[in-house]
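Engineer: sequence and predicted structure are below.
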Amino acid sequence: MIEYSGQPHYLVAVDCIVFGFDGERLKLLLVKRGLEPEINKWSLIGGFVGANESPDDAANRVLKKNTGLEGIYLEQLQIYGEPDRDPIERTLSVGYFALIDIHKYEAQLSDEYHAEWFLVNESPKLIFDHAQMVADARKKLRYKAALHPILFEMLPKKFTIPQLQLLFEEVNDTKIDTRNFSRKISSTGLLIKLEEKDKSGSKKGAFYFKLDKKKYKANFQAFLNLIPNLKL
């Protein structure tokens, strides 16, 4: 086997930041690490990249193995490579973030590794540089959500405008003017109004909407500047 003579060799890992929305709050999925160092400490869902797989393949494999999740929105974030990030051995980690509707995937979550949801602003102390990964992923999510309609990945097939607004407020950690939000959402042309109403909050109720998937795919820039005072 030919190798690059005299060059160091490193381990490569993947770490997945899984954000979920339960209809009211933004949450983060964590597991307890199963090996030393930091065994039984709270961690992102991660693992090492195999010799014959890509980082994308490894991320999907690790997610399915540790949580049962598959077929979800998953996007590469960035590479983390500080020399001392792992005290055992030099390890580069490729970070990913995923977006899910918690209720949709409740049955898929595996109990084998005891994955648990935490409010994103109240998560426990994490191992290594995982807290920095979460912070970076939240920043990237805010940026992407203002440019592209990716937050629909975290909603059920039918939803109300108040539910959508609440999700945007949770992601951006800020209150949004209701009238302005409704106007901007309507102007995107991405929503189809349904006849059915959600009357759980009031007698008058709020109309349900669904995503126009054809326009979603054809006009992925529709949410440009939806949140003008974006927190970056």
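Structural biologist: Thanks, I have it. Just so we're clear, the structure is a prediction, and the values are computed from it rather than from any experiment. Numbering: from 1, shown residues only.
Engineer: only C-alpha atoms from now on, for both contacts and neighbour counts.
Structural biologist: Fine.
Engineer: quick one: mean pLDDT for the helix or strand encompassing Val12?
Structural biologist: Assigned by DSSP states H and E, Val12 belongs to strand 11-21. For strand 11-21, the mean pLDDT works out to 97.
Engineer: what comes up buried for that strand?
Structural biologist: 12-21 (16 or more other CA atoms under 10 Å).
Engineer: adding distance to Ala206 as columns, could you present those in CSV?
Structural biologist: CSV is the format used below for these (distance: CA to CA, whole Å):
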residue, distance to Ala206
Val12, 48
Ala13, 45
Val14, 41
Asp15, 39
Cys16, 35
Ile17, 32
Val18, 29
Phe19, 26
Gly20, 23
Phe21, 20
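Engineer: and Ser156, what does it touch?
Structural biologist: Quick fix: residue 156 reads Pro, not Ser. Contacts for Pro156 (CA atoms under 8 Å, 6 or more residues apart in numbering) come out as 101, 104.
Engineer: if we go to 7 Å?
Structural biologist: Residues near Pro156 by CA atoms under 7 Å, 6 or more residues apart in numbering: Asp101.
Engineer: can you list the buried residues in the lowest-mean-pLDDT helix or strand in the chain?
Structural biologist: Lowest mean confidence among the helices and strands of the chain (mean pLDDT, DSSP states H and E): helix 213-218, at a mean of 78. Neighbour counts over helix 213-218 (16+ other CA under 10 Å) mark Tyr216 as buried.
Engineer: ok, and what's touching that helix?
Structural biologist: Under CA under 7 Å, 6+ apart, the answer for helix 213-218 is Leu190.
Engineer: coming back round to it: got the contact list for the strand holding Val12?
Structural biologist: 26-29, 44-49, 55, 58-59, 90-102, 134, 154.
Engineer: run the chain-centre distance for it.
Structural biologist: Computed by CA atoms, centre = their mean, to the nearest Å, the chain-centroid distance of strand 11-21 equals 9 Å.
Engineer: ditto for stretch 177-187
Structural biologist: For stretch 177-187 - counting by CA atoms, centre = their mean - the centre lies 24 Å from the chain centre.
Engineer: which stretches of the chain have low pLDDT?
Structural biologist: In the predicted model of the chain, residues 1, 110-113, 201-203, 219-232 satisfy pLDDT under 70.
Engineer: which residues of it fall in strands?
Structural biologist: 11-21, 26-32, 42-43, 45-48, 73-80, 91-101, 116-119, 158-160, 191-198, 206-211 (DSSP state E).
Engineer: could I get those strands as JSON lines with distance to Ile2?
Structural biologist: Below are these laid out as JSON lines (distance: least, CA to CA, whole Å):
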{"stretch": "strand 11-21", "distance to Ile2": "18"}
{"stretch": "strand 26-32", "distance to Ile2": "39"}
{"stretch": "strand 42-43", "distance to Ile2": "36"}
{"stretch": "strand 45-48", "distance to Ile2": "23"}
{"stretch": "strand 73-80", "distance to Ile2": "27"}
{"stretch": "strand 91-101", "distance to Ile2": "22"}
{"stretch": "strand 116-119", "distance to Ile2": "44"}
{"stretch": "strand 158-160", "distance to Ile2": "56"}
{"stretch": "strand 191-198", "distance to Ile2": "56"}
{"stretch": "strand 206-211", "distance to Ile2": "52"}
